[in-house]
Each structure stands twice: as structure tokens, then as C-alpha cells.
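K.L.:
here you go, sequence then predicted model.
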Amino acid sequence: MSSGTPPMHPIRTPAALAEAGLARRADAEAVAERFAISITPTMQALIEQPDDPIGRQFVPHVDELKTANYETDDPIADVALSPVKGIVHRYPDRALLKPLLACPVYCRYCFRREQVGPDGGVLTEDELQAAYAWLRAHPAIREVVLSGGDPLMLSPRRLGAILQALEAIPHVELLRIHSRVPLADPPRLTEALAATMDTEKPLWLVIHANHAREFTPAGVAALRRVQRHGVPVLAQSVLLRGVNDSPEALEALTRAMLAARVKPYYLHQLDAAPGTWRFRVPIEEGRRLVASLRGRVTGLAWPTYVLDIPGGHGKVPIGPTYLEADAVRDPWGGRHAL
């Protein structure tokens with residue numbers, strides 16, 4: 001496997017996977033007929049075995065071709081909630097804008113795995129203008145989340161133009177970018193790209209990381225390029241079997257986040273996309289894992305454990321509670337003197 005020194009080129013084909021010793025070519029070819037493959041040099045350098053916590057996230061496996069009876073192509077109803085191309089509207093006060101569908105890496109558990117891929121799915125200028133027009137016509141929208149795909153795959157010029165257009169919409173108060181790029185492909189996050197996030201209206205960067213080893217020195221340096229522009233950074237993760245499904249792994253992950261000046265935000269219950277069943281951790285086990293962090297780490301390190309309700313009904317917190325079965329009693333007995 002990898003020596004730890006980043007290779008020169010990303011892996012995007014079954015032949016390259018086989019040459020790197022990460023998968024049988026025939027198996028990879030079978031998976032590649034349906035799902036995209038890409039592993040950046042930074043992530044490849046971290047893979048010690050194909051099924052280790054890093055390899056498991058990115059190396060294709062033939063089990064992806066088996067679909068469980070509860071899995072669906074669009075588990076959180078992105079398509080049903082898309083009023084115009086590139087927009088997803090799930091909550092009253094915010095909307096998602098997907099300017100492209102390309103990613104630096106293709107996660108084997110991705111809930112949009114039927115949509116994303118190397119062809120990019122980039123919105124045309126006319127499609128972008130239609131998306132802006134829809135946002136302008138809906139004054140209840142206060143926040144726009146750039147997602148995809150990965151918005152930081154765009155050039156500084158193109159990303160900057162999109163952010164400027166969104167800032168010009170009077171009722172949009174808050175911008176957000178969701179990205180794997182800072183840790184998965186740090187060289188892509190140049191100073192020029194970081195500078196585009198120095199907007200007049202508040203902008204938050206939300207990165208995706210599932211294991212402490214993803215916080216490489218290069219990745220942390222890329223985050224600092226953004227943070228120096230005053231951009232706050234949050235992190236979201238997915239609870240994944242074989243990746244972060246132990247108290248020790250979750251503790252190390254949240255500590256790595258805080259060490260990089262990143263606030264843990266969400267820990268997602270896995271969405272039921274096709275062929276992702278091998279990553280599934282039952283909710284009750286997830287609750288126990290999250291509860292195990294209590295007392296082990298500072299409250300700053302606690303993410304909110306959430307489930308995106310299938311069918312597009314939105315996220316709900318499903319974390320452990322501490323007022324069940326008289327585990328914690330109300331010291332005032334529910335009676336309050338005025």
C-alpha cells in the first residue's frame with residue numbers, strides 16, 4: 001500500500017486502482033459502470049489497506065452493487081424538492097445551490113452518488129441565472145448553501161462570481177459552502193480561492209471529515225488560509241461502520257477538528273443510498289457512541305447527532321437524552337415559584 005508520500009496523480013480508473021494495489025481490476029470495473037471513482041493523492045497517501053478507515057471511504061467495493069431493500073436512489077428527495085435546476089428547497093428560510101456535481105473524491109457512501117460524477121454537471125450561465133431568479137423571487141430565503149458536488153472545485157473567478165451574485169440578493173443574509181476539498185485536496189485550496197470567501201455578508205465553510213487522519217499538515221494549512229480571512233469553519237461527519245464507529249475514533253476525530261480550529265457541527269446517521277448498507281451503524285448504537293463522548297471531551301467537541309428523515313422531511317436530532325427513565329431528575333420537581 002501507500003508509503004505515506006503523496007503520489008503525483010489522482011486515481012480515477014479501475015486500471016489505476018489495480019496498479020496501486022487497492023482493488024482487483026475486474027471488481028473496480030464492475031463498480032465503475034455505475035458509480036464514479038476518484039481518490040486524490042493526499043487521500044491515497046493515507047491509505048494503508050483498502051479496508052482501513054481511509055481506504056474504506058474511497059476505494060470501490062463490489063458490495064456496492066448489492067442494494068438493500070430500504071435503500072433508494074434519492075434518499076432525502078433532492079430531486080422532488082428541486083423547483084429549478086441546481087436548487088434544492090427543503091426548509092422555509094434556506095435553499096441549496098448546486099453549481100456543479102464534480103468532487104475531488106467520490107465517497108462510497110454518498111447520498112448523491114447517483115448524481116455526482118466526473119462529467120461535472122456544471123450549471124450553464126443560463127441555468128445559474130434561472131437559479132438566481134428563483135432565489136430573488138422567494139424573499140423568505142435568508143441563507144444559501146453552496147453544495148454539489150463540491151463548490152471548491154470551481155475556479156476562484158467562477159466561485160467569486162457566484163458569491164457576488166448571491167450577495168446582491170437583498171434578503172440573502174448568510175452564505176455557506178460545504179466542501180471536502182480542504183482536507184481531501186489541499187493544493188486546490190489556493191490563497192486566491194480562499195480570498196473569494198472573504199465576503200461582505202457572513203460566510204461559513206463546512207468541511208466534511210470522518211477520521212482524525214484526514215487532518216494532514218497540508219489540510220490544516222489549507223484551512224488556515226481560509227481562517228485568516230475571518231471565515232468560521234465547521235465540520236460534519238457521517239457515522240460509518242469501520243471508519244469511526246468506536247468511542248476512541250470519535251474522540252480522536254473531534255479532537256483533531258478542534259486542534260485545526262474547526263467546530264464539530266453534525267454527525268449524520270447514514271443516508272440510505274444504494275449499495276451503502278455495509279457502512280450502516282444502527283441508531284441505538286450511534287446514540288451509545290455519542291453518549292460515550294460525555295466527560296471524555298470538552299463540550300466544544302460535541303457534534304449534533306442527526307437523521308435526515310427519508311423523503312425530504314429534513315434533519316432531526318437523534319442524540320442521547322439524559323432525562324429518560326429517571327436517569328436525571330428535575331431538581332425543582334417541575335414546580336417553579338414566581
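P.N.:
Everything's here; your move.

K.L.:
the closest residue to Leu174 other than its chain neighbours and Leu101, how far apart?
P.N.:
Nearest non-adjacent residue to Leu174, counting by CB to CB, 6 or more residues apart in numbering: Glu143, 4.2 Å away. Where C-beta positions appear, they are placed from N, C-alpha and C, glycine not excepted. Distance of Glu143 to Leu101, computed by CB to CB, to the nearest Å: 21 Å.

K.L.:
before we move on, what about Arg261?
P.N.:
30 Å.

K.L.:
next one: Arg176
P.N.:
To Leu101, Arg176 is 18 Å away according to CB to CB.

K.L.:
neighbour-wise, which of these two wins?
P.N.:
Higher neighbour count among Arg176 and Leu101: Leu101, with 22 against 18, using other CB atoms under 10 Å.

K.L.:
just confirm the more buried one is within a strand.
P.N.:
No: assessed with DSSP: H, G, I helix; E, B strand; the rest coil, Leu101 is coil; it does not lie in a strand.

K.L.:
quickly list what the residue nearest to Leu174 is bridged to.
P.N.:
Arg94, Leu174 (DSSP bridges).

K.L.:
ok, it - contacts?
P.N.:
93-95, 172-176 (CB atoms under 8 Å, 6 or more residues apart in numbering).

K.L.:
ok, now Arg90?
P.N.:
76-77, 81, 96, 312, 314.

K.L.:
so which strand or helix has it?
P.N.:
strand 87-91 (DSSP states H and E).

K.L.:
paired strands for that strand, with orientation please.
P.N.:
strand 94-97 (antiparallel).

K.L.:
starting at the chain centroid, how far to the partner strand?
P.N.:
Offset of strand 94-97 from its chain centre (CA atoms, centre = their mean, to the nearest Å): 15 Å.

K.L.:
tell me the pLDDT at Ala337?
P.N.:
Ala337 carries a pLDDT score of 41 in this model.

K.L.:
where do the helices sit along the stretch 1-150 of the chain?
P.N.:
Secondary structure of the stretch 1-150 of the chain (DSSP state H, counting those that start in this stretch): helices located at 14-19, 25-32, 41-44, 55-58, 125-136.

K.L.:
nearest to Asn69, out of those helices?
P.N.:
Of all the helices of the stretch 1-150 of the chain, helix 25-32 sits nearest to Asn69, with 20.4 Å by CB to CB.

K.L.:
name the residues that touch that closest one?
P.N.:
Taking CB under 8 Å, 6+ apart as the rule, helix 25-32 contacts 13-15, 17-18, 37, 60-62, 64-65.

K.L.:
of these, keep whichever come out buried.
P.N.:
By neighbour count, with 16 or more other CB atoms under 10 Å, those hold 14, 17-18, 37, 60-61, 64 as buried.

K.L.:
of those residues, which pair is most distant in space?
P.N.:
Using CB to CB, the buried ones among the contacts of helix 25-32 reach their maximum pairwise distance at Ala18 and Glu64, which is 16.8 Å.

K.L.:
how far away is the closest residue to Gln57 other than its chain neighbours from His268?
P.N.:
Residue nearest to Gln57 in three dimensions, not counting chain neighbours: Cys107, with 5.6 Å by CB to CB, 6+ apart. Distance, Cys107 to His268, using CB to CB: 12 Å.

K.L.:
now the helices for the stretch 201-338 of the chain?
P.N.:
Taking DSSP H, counting those that start in this stretch as the test, the helices found in the stretch 201-338 of the chain are 217-227, 247-259, 283-291.

K.L.:
residue ranges with poor pLDDT in the stretch 1-150 of the chain?
P.N.:
1-6 (pLDDT under 70).

K.L.:
distance from stretch 305-317 to the middle of the chain?
P.N.:
15 Å.

K.L.:
actually stretch 300-309, not the one I wrote
P.N.:
13 Å.

K.L.:
now that stretch: buried residues?
P.N.:
For stretch 300-309, the neighbour count (16+ other CB under 10 Å) marks 301-308 as buried.

K.L.:
all set, thanks.
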